[in-house]
Each structure stands twice: as structure tokens, then as C-alpha cells.
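> Here's a sequence, model it:
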Amino acid sequence: MLRTTALVLLMLPLAGCGTFEPDSDAWGMPEDQRGRAENAKFATLVDAYLAWHYAAHPGRATFDGIHDYDDRLQDVSAAGIASAASSQRRWLDRVREIDRTLLSGDAAVDHELLESSIQAALVDLVDVRSWERNPGFYVELISWGLYGLASLQFAPPERRMALAVGRLSQVGAVLDAARANLKNPPALLTEMAIEDGAGARAFISDALPVAFADAKDEALRKRFTARCQEAVAALDKAVAWMKTELLPQSKGEIALGEERFRRKLAAEEMVGTPTETLLAEGEALLASTRKRMTEIALEIDPSKAPAEVLRETASEHPAAAELLDAVRAMLDGLKRASREKLYEVPPDADCKVQETPAFNRSTWFASMEIPGPFETVARDAYYSVTPPEASWDATRTEQHLRFFNRYALKLISVHEAYPGHYTQFLTLGGLASKVRRVFGSNAFSEGWAHYLEEVYVDEVEPADAKLRLHQLNLALMRICRYLVAIKMHCRGMSVEEAATYFQEQGWQERANAEREARRGASDPMYLVYTLGKIQILHVREECREAWGSAFSLKAFHHRLLATGRPPVRLARKLMLGPAR
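Numbers count the residues shown, from 1 in each chain. Prediction:
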């Protein structure tokens with residue numbers, strides 16, 4: 001996405017940014033002048049906040065296409081965390097000083113989104129306290145900070161290697177902060193961090209040097225190699241500490257508790273529905289989806305139980321060595337089908353299929369890494385798929401590959417690539433709103449991609465009963481995520497009970513059920529897939545009614561993505577107007 005003007009906001013000096021104040025007699029202006037003044041004040045505040053945001057979160061800046069802080073890792077010392085929380089509170093106060101009623105329609109939505117995003121950051125810093133309860137927070141900070149420099153071709157390899165030297169030199173400080181900050185984490189989160197720490201070590205020692213193989217500066221390479229060795233030693237020391245000291249002391253509760261869960265959901269997704277209501281809706285959806293799956297399975301083979309039909313059709317999968325090639329082979333067809341019936345995918349859209357990085361395999365089957373909204377050079381996008389591990393036995397390998405059967409694999413690729421996440425994020429760089437380029441809702445993003453799985457079958461291959469069965473099975477898995485997230489974090493469900501729930505209620509293979517349960521322990525908001533899909537379906541029906549004969553599916557999809565990815569409540573407001 002070549003959007004050079006997007007970088008202007010980062011040219012503001014950090015000192016003194018956003019000090020605009022209206023004239024003392026501003027309230028004596030005519031209303032339209034007051035509105036213009038308030039819009040200008042808000043625009044200045046947005047620029048100042050984003051400048052601070054990227055300076056405070058250098059890893060996020062790299063992925064978003066802002067390269068002023070690529071040699072830094074985030075300050076996660078106790079003092080750094082306290083400073084971040086204090087700064088976010090001050091920014092929240094300044095945002096709330098803006099009179100939203102005087103802002104133009106789009107600016108008013110941006111104001112709501114910015115306020116909500118700052119609140120979400122504060123909930124994580126002050127209430128959820130991931131920096132205190134999740135050792136993986138630190139491993140991920142290191143891994144993704146270095147991975148961004150390795151994977152994004154925004155500068156020559158010598159330049160990115162030099163930047164990596166800067167980040168590698170701070171790995172020890174990040175891990176020292178982990179030792180100081182972590183307080184009684186849940187044992188499972190420590191175990192997952194130990195696994196991911198081993199993956200991060202392998203990435204730094206093996207993959208990171210390969211990423212800069214073309215760099216010619218031998219003196220720089222020598223410094224880089226030394227910093228890699230130091231970082232690996234620091235990780236080894238940290239993992240050993242986690243195994244011998246932290247893990248025996250890791251007796252914390254996995255559950256966030258209902259109050260923190262509700263605050264997080266309200267801040268991130270603007271959803272204040274009581275958990276009892278959410279549970280009741282999820283249980284009803286679980287029952288109706290299982291009923292529909294039973295009907296489809298009977299159509300395919302009336303002599304067998306639905307779970308058996310699922311297992312048999314799931315056995316139609318690529319071999320482990322052919323998994324990535326199978327994904328690559330289907331993408332052009334999905335792109336054509338999308339253009340015909342669902343969304344006009346840009347003609348130059350092209351995502352590269354790769355193995356999921358080793359440091360990120362403990363929870364993810366498939367994911368999409370997309371150029372940032374301000375990126376002007378590194379346009380490559382990566383669709384990551386997790387192959388079976390070489391160390392697994394035949395049973396676990398087969399269970400893993402059944403998840404990537406020929407039907408589910410097509411739908412996963414709809415979700416991740418065309419017209420799902422990749423297509424969605426290609427639109428962000430063209431948004432006029434800086435706020436909506438940067439901040440958004442996971443329920444919108446994941447809801448959109450999950451919604452498309454169903455729409456693809458409805459509109460492109462409605463006669464394929466096996467494809468429909470596996471689309472419903474993927475929906476069933478997400479419904480189980482929705483329910484497990486609430487039950488685990490608000491109702492005392494254990495990880496083992498969650499795995500059994502995925503297996504029995506979601507008809508998942510045991511290996512996949514266990515991974516889903518582990519993910520729920522570390523990601524209490526993975527209910528967003530079903531939540532967002534439900535919201536988008538509601539908005540679609542409202543638009544169908546409001547637009548009348550002008551409604552079409554492609555028009556709805558284009559209008560929806562043109563809003564960015566805000567909480568669906570705000571997208572609805574942009575599409576239908578606040579009066580509705």
C-alpha cells in the first residue's frame with residue numbers, strides 16, 4: 001500500500017505535540033465555527049496521540065509502517081509500565097475534553113473509537129495486567145519485534161540488520177523486566193511461555209541470520225552475530241528460570257473474573273451485554289448449529305453418526321509435506337470467486353504462503369500478516385499455516401492434518417486471504433481517518449472473516465454438502481470458543497474441561513481441542529469470531545431493509561470495509577447514520 005502522506009503525522013516533534021487550545025472566546029463563535037474549531041482541535045490531538053503511541057510501542061510501529069523506532073523494544077520495566085498507564089490516563093482526559101457533539105459525523109465516530117482504544121489499553125495495563133500474569137507477554141514482545149525486521153522488506157538488509165542489532169541488545173533488559181514484574185502467573189501460561197521461548201531461541205539462532213544473508217557489511221555482521229549470541233544466552237537463562245523457579249510458583253488463576261472480563265469486552269468491543277445473556281445466546285446457537293450439522297451429515301451418509309461423517313470427510317487432507325502447496329494452489333480460484341460474487345479484490349493482491357514462525361505455534365493453526373496502514377515499501381503479506389511438528393507421533397499428526405482437510409482448508413483460506421483478512425486490511429491504507437487506520441475491533445476483523453466462510457458456501461458452492469458440513473464445523477468451533485471464553489474466565493471452567501467441551505460439543509479432534517483450550521486460557525477475547533459474525537449479520541439485514549432495491553451483497557461488503565474495522569456498533573453508525 002503506497003500511501004506516502006500517511007507518514008506526515010509522525011514528523012511532529014514529540015515534545016509539545018498536541019498543545020492546541022481554542023481561543024478564549026471560542027464559545028462565542030457561531031455553531032459552525034465552533035464545530036470547525038473542535039474538529040481542528042481533535043485532528044491535532046489525534047496526531048499528537050499517534051506520535052506518542054508509536055514512540056511507546058516501537059514493535060507496533062514497525063508493523064504499521066512507521067520506521068522511526070525500529071531499533072527499540074518497548075520499555076516494559078516497572079517504571080515503563082507505570083509511565084505508560086499514567087500517560088494513557090492523561091490522553092484519555094484530553095480526548096474527553098473534546099465536545100463530541102460539535103464534531104463532524106466521521107470525526108465523532110473517530111472520537112468514540114479513540115476513547116475506547118485508550119480505555120482498552122488502560123484495562124490491560126491496570127486491570128488485566130498481562131505484564132504481571134503472563135510470561136508470554138515478554139517472549140512475544142521480543143519475537144515479534146525481531147520478526148518484523150526480518151520479514152518486512154522496508155529497507156536494504158544491511159539497514160534492517162543494523163536495526164536488529166539495536167533490538168537484540170535490549171532482549172536482556174526485557175527478560176530482566178519479566179523476572180521483576182511477573183507475580184504468580186497461571187501455570188499453563190508459564191508452560192506456554194517456556195514453549196514459545198524455545199521457539200524464539202530457534203528463531204534468533206537459525207532464522208534471523210538467514211533473513212539478513214544478503215547483507216555485505218562484515219563488521220556489521222560480526223556485531224549482529226555477537227548480539228544474537230547474547231540474546232540466545234539471555235533467553236536460555238530466562239527459560240531455565242521459568243522452568244526451575246517461576247513454574248513451581250505459578251499458582252495464579254487463569255480466569256480473569258467476570259468484572260475484568262466485562263470491562264475488557266466493553267472497552268475493546270463496545271459490548272456491554274450481561275454475560276448471562278451472552279451465554280444463553282451462545283448455547284442456543286450451539287444447539288441450532290449442531291442440529292443443522294446433523295441434517296447435513298444425514299444427507300451425506302444416513303447410515304452414520306454426524307461425528308463419524310465429519311471424521312471420514314476430514315480424512316481427505318493433503319500430506320504433511322504438501323500442506324503449504326495445497327494452500328497456494330487454491331488462492332487464485334478464491335480470488336476469482338470473490339471478485340465475481342463477494343468483493344472486488346484489488347488486481348495486484350498477492351499474499352505469500354509460509355509456515356507459521358516457530359515462536360508462534362503453541363496456539364495458532366493459521367494466521368495472516370499484512371502490510372501496515374502506513375507502510376510505503378514492504379508490501380508483502382504472509383499467510384502462515386502451521387504444519388505438524390516433526391516430533392509428533394502419527395496419531396497427533398493425523399489429527400492435526402484432519403483440521404486442514406480439503407474442505408476446511410478452502411474455508412480457512414477464504415477467512416485468511418480472499419476475501420477475508422488480507423482483503424480487509426488492504427483497504428486500511430486508503431482510509432482518510434488516521435484513527436481507523438490504526439485502531440479497530442477484533443470482533444469486526446475476525447467476525448468479517450468468519451462471516452465470509454458462510455457467505456462463500458451460500459454464494460459460490462451452495463450444492464457441496466461436504467463443504468457446508470465443514471463450514472458449520474468451523475462455525476461450531478468458534479461457538480465453542482465464544483462459550484468457553486465466558487465459562488473459563490467467568491464461570492470457573494478448567495482448561496481440561498474446556499478441551500473436553502471442544503471435543504464433545506464442538507466435535508473437534510483431541511489434539512485440536514487441547515490447543516483451542518490452551519488458547520482460551522491466554523486469550524479471553526477469542527469469543528470475538530462468533531460475536532462479530534452475529535453483529536455483521538444483524539447490520540446486513542438492517543442495510544438490506546434500509547437500502548431496498550439498491551442493496552446487493554457486494555455493495556454491502558464494500559460499504560462495510562470502507563468503514564475500516566471499528567467496533568461493529570460504530571461501523572453500523574457510519575453505514576446507517578446515528579438516527580437508526
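
> quick one: pLDDT of the residue nearest to Glu514 when sequence neighbours are not counted?
In space, and not counting its chain neighbours, Glu514 is closest to Ala499: 4.8 Å by Cβ to Cβ, 6 or more residues apart in numbering. For every residue, glycine as well, the C-beta is placed using N, CA and C. pLDDT, Ala499: 97.

> Would you agree Ala499 falls within a strand?
No: counting by DSSP: H, G, I helix; E, B strand; the rest coil, one finds Ala499 to be helix, located in no strand.

> How many residues are close by it?
22 (other Cβ atoms under 10 Å).

> now do Ala40
Neighbour tally, Ala40, other Cβ under 10 Å: 12.

> any idea how far Ser117 is from it?
Distance, Ala40 to Ser117, using Cβ to Cβ, to the nearest Å: 21 Å.

> Tyr526 too?
19 Å.

> Those two - which one has more neighbours?
Between Tyr526 and Ser117, counting by other Cβ under 10 Å, Ser117 is the more crowded of the two (25 against 20).

> leaving aside the residues next to it on the chain, what's closest to the more buried one?
Phe439 (4.2 Å).

> OK, contacts around His450?
Taking Cβ atoms under 8 Å, 6 or more residues apart in numbering as the criterion, His450 is in contact with 415, 474-475, 478, 529-530, 532-533.

> Just the buried residues out of those, in ChimeraX syntax.
The buried residues among these can be selected in ChimeraX (16 or more other Cβ atoms under 10 Å) with this line:
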select :415,474,475,478,529,530,532,533
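
> Tell me which two in the contacts of His450 are the farthest apart.
Using Cβ to Cβ, the two most remote members of these are Leu474 and Gly532, lying 14.4 Å apart.

> Go through the helix or strand harbouring Lys573 and flag the buried ones.
Per DSSP states H and E: Lys573 is located in helix 568-576. The neighbour-count check on helix 568-576 (16+ other Cβ under 10 Å) flags 568-576 as buried.

> Ok, stretch 219-231 next?
Going by 16+ other Cβ under 10 Å, stretch 219-231 has these buried residues: 220-221, 224, 227-228, 231.

> So which residues of the stretch 251-400 of the chain form helices?
Using DSSP state H, counting those that start in this stretch, the helices of the stretch 251-400 of the chain run over 258-269, 275-300, 306-314, 323-341, 394-403.

> And the contacts of the third one?
Yep, that's helix 306-314 we're talking about. By Cβ under 8 Å, 6+ apart, helix 306-314 touches 290, 293-294, 297-298, 300-301, 304, 402-403, 405, 407-408, 466, 469-470, 473, 507, 509.

> make it 6 Å
Helix 306-314 is contacted by residues 293-294, 297, 300-301, 402, 405, 466, 507 when judged by Cβ atoms under 6 Å, 6 or more residues apart in numbering.

> Likewise for stretch 418-433?
Applying Cβ under 6 Å, 6+ apart, the contact partners of stretch 418-433 are 1, 3, 110, 334-335, 338, 342-343, 345-346, 351, 368, 370, 373, 381, 414, 437, 448-449, 452, 561, 564.

> So which of those residues are in strands?
Those of the contacts of stretch 418-433 mapping onto strands are 351, 368, 381, per DSSP state E.

> before we move on, back to that, rebuild the contacts of His450 as TSV, extending it with pLDDT, distance to Leu122 and secondary structure.
Formatted as TSV, those follow (pLDDT from 0 to 100; distance: Cβ to Cβ, whole Å; DSSP: H, G, I helix; E, B strand; the rest coil):
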residue	pLDDT	distance to Leu122	secondary structure
His415	95	31	helix
Leu474	95	34	helix
Ala475	97	33	helix
Arg478	97	28	helix
Tyr529	97	25	helix
Thr530	98	26	helix
Gly532	98	23	helix
Lys533	98	28	helix
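
> Could you report the pLDDT at the most centrally placed residue in the chain?
The centroid of the chain falls nearest to Asn442 when counting by Cα atoms, centre = their mean (6.2 Å). Asn442 carries a pLDDT value of 96.

> how far out from the middle of the chain is the helix holding Lys573?
In terms of Cα atoms, centre = their mean, to the nearest Å, the centre of helix 568-576 is set 21 Å apart from its chain centre.

> swap in stretch 32-45?
Remark: stretch 32-45 is offset 32 Å from the chain centroid, using Cα atoms, centre = their mean.

> quick one, strands of this structure?
Residue ranges of the strands in the chain, as given by DSSP E, are 351-355, 366-369, 381-385.

> Just put those in JSON lines and tack on mean neighbour count.
Formatted as JSON lines, the strands of the chain follow (neighbours: other Cβ atoms under 10 Å):
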{"stretch": "strand 351-355", "mean neighbour count": "17"}
{"stretch": "strand 366-369", "mean neighbour count": "20"}
{"stretch": "strand 381-385", "mean neighbour count": "21"}
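
> Return the member of those having the minimum mean pLDDT.
strand 366-369 (a mean of 86).

> how far out from the middle of the chain is that strand?
Relative to the centre of its chain, strand 366-369 is centred 9 Å away, using Cα atoms, centre = their mean.

> neighbouring contacts of that strand?
Contacting residues not belonging to strand 366-369 are listed as 382-385, 412, 416, 421-422 [Cβ under 6 Å, 6+ apart].

> Just flag the most distant two among those residues.
Tyr382 and Ile412 (14.8 Å).

> Domain boundaries for this structure, per the record?
32-128, 136-249, 257-304+463-525, 319-332+344-430, 443-460+527-580 (automatic domain parsing).

> Just put those in a markdown table and tack on distance to Arg311.
Below are these laid out as a markdown table (distance: least, Cβ to Cβ, whole Å):
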| stretch | distance to Arg311 |
| --- | --- |
| domain 32-128 | 38 |
| domain 136-249 | 28 |
| domain 257-304+463-525 | 8 |
| domain 319-332+344-430 | 7 |
| domain 443-460+527-580 | 20 |
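
> comparing these, which gets the lowest mean pLDDT score?
Minimum mean pLDDT among the domains of the chain: domain 319-332+344-430, a mean of 88.

> tell me how far the ends of that one are from each other?
For domain 319-332+344-430, the first-to-last residue distance is 40 Å (Cα to Cα, to the nearest Å).

> Excluding sequence neighbours, find me the nearest residue to Arg396.
Arg396 sits nearest to Ala511 (Cβ to Cβ, 6+ apart), 5.0 Å away.

> ok, that neighbour - contacts?
By Cβ under 6 Å, 6+ apart, the contact list for Ala511 reads 396, 399-400.

> how close does it sit to Ala390?
When distance is defined by Cβ to Cβ, Ala511 is 15 Å away from Ala390.

> same check, this time on Glu516
Between Glu516 and Ala390 the computed distance is 23 Å (Cβ to Cβ).

> And for Leu537?
Distance, Leu537 to Ala390, by Cβ to Cβ: 41 Å.

> Check His67 too.
Distance from His67 to Ala390, by Cβ to Cβ: 36 Å.

> Count residues in the vicinity of the residue nearest to Arg544 when sequence neighbours are not counted, would you?
Closest residue to Arg544 apart from its sequence neighbours, by Cβ to Cβ, 6+ apart: Phe551 at 4.8 Å. By the other Cβ under 10 Å criterion, the neighbourhood of Phe551 contains 15 residues.

> Of Leu537 and Ala390, which one has the most company?
Leu537 (14 against 7).

> First-to-last residue distance for stretch 399-410?
Terminal residues of stretch 399-410 lie 18 Å apart, using Cα to Cα.

> list the buried ones in that stretch?
Under 16+ other Cβ under 10 Å, the buried positions of stretch 399-410 are 399-410.

> For it, what is the distance to the chain centroid?
In terms of Cα atoms, centre = their mean, the centre of stretch 399-410 is found 22 Å from the chain centre.

> Lovely, talk soon.
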